[in-house]
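1. Mind looking at a prediction? Sequence and model below.
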Amino acid sequence: MTIEVREVLPTDYIDLVELLSELGYPTTLVDLTERFKTIQKHEDYQSLVAVKDNEIIGFAGLCKAFTFEFSGLYVRLLAFVVSSKQRKQGVGKKLLKACEEWALQQGAIAITLNSGNREERQTAHLFYKSNGYEGKSTGFVKKFN
């Protein structure tokens, strides 16, 4: 059972609806398709999936950007999820490594992510820490709708 990491294809969207729901962000196929149409117009974004036996079992969405705090660009991991049925099998590690490789190819000097402070995210926090990430900040959000 080989795990392949590749760029997202439109045929993957239906599986991504389920994965994003597992991540805590339910959506519809129509909405997700529209989002990808917008995102794919911007070369600073990258979307990857992990595939095993022709099944989408993981997703990562990334964006490269610049910051005011230091010189050079960085990559922000905006979305990251592995199917709950496929966790603890190395899928996340392989997908995360592919994200890091993309970041390096872009010339990034760092990769960052936010992960919610909810209890159900504690396992994810341990996963990131075990892969060399440090908990350095708390994120905030203000919605305008």
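-> Happy to help now that I have it.

2. What segments of the protein are helices?
-> Taking DSSP state H as the criterion, the chain carries its helices at 13-23, 29-39, 91-105, 122-130.

3. To residue 83, which of the ones you listed lies closest?
-> Of all these, helix 13-23 sits nearest to residue 83, with 6.4 Å by C-beta to C-beta. Every C-beta, even on glycine, is put in place using the N, C-alpha and C of the backbone.

4. one step back: could you dump the helices of the chain into a markdown table and include mean pLDDT and distance to residue 74?
-> Shown next, in a markdown table, are these (pLDDT from 0 to 100; distance: least, C-beta to C-beta, whole Å):
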| stretch | mean pLDDT | distance to residue 74 |
| --- | --- | --- |
| helix 13-23 | 93 | 22 |
| helix 29-39 | 96 | 18 |
| helix 91-105 | 95 | 8 |
| helix 122-130 | 81 | 16 |
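
5. What is the lengthiest strand in the chain packed up against?
-> Longest strand in the chain by number of residues, with DSSP state E as the criterion: strand 55-66. The helices and strands touching strand 55-66, judged by 3 or more C-beta pairs under 8 Å, 6 or more residues apart in numbering; DSSP states H and E, are helix 13-23, strand 45-52, strand 73-82, helix 91-105.

6. coming back round to it: ok, which of the helices of the chain comes nearest residue 63?
-> helix 29-39 (8.7 Å).

7. Same question for that closest one: list its buried residues.
-> 32, 36, 39 (16 or more other C-beta atoms under 10 Å).

8. can you give me the offset of that helix from its chain's centre?
-> Centroid separation between helix 29-39 and its chain, computed with C-alpha atoms, centre = their mean, to the nearest Å, is 16 Å.

9. ok, residues contacting it?
-> Under the contact criterion C-beta atoms under 8 Å, 6 or more residues apart in numbering, helix 29-39 has outside partners 8, 10, 13-14, 16-17, 20, 27, 45, 47, 61.

10. same check, this time on stretch 111-119
-> Stretch 111-119 has contacts (C-beta under 8 Å, 6+ apart) with 24, 74-78, 80, 99-100, 103, 121, 124-125, 128, 133, 138-139.

11. hmm, 6 Å instead?
-> Stretch 111-119 has contacts (C-beta atoms under 6 Å, 6 or more residues apart in numbering) with 75-77, 100, 103, 121, 124-125, 139.
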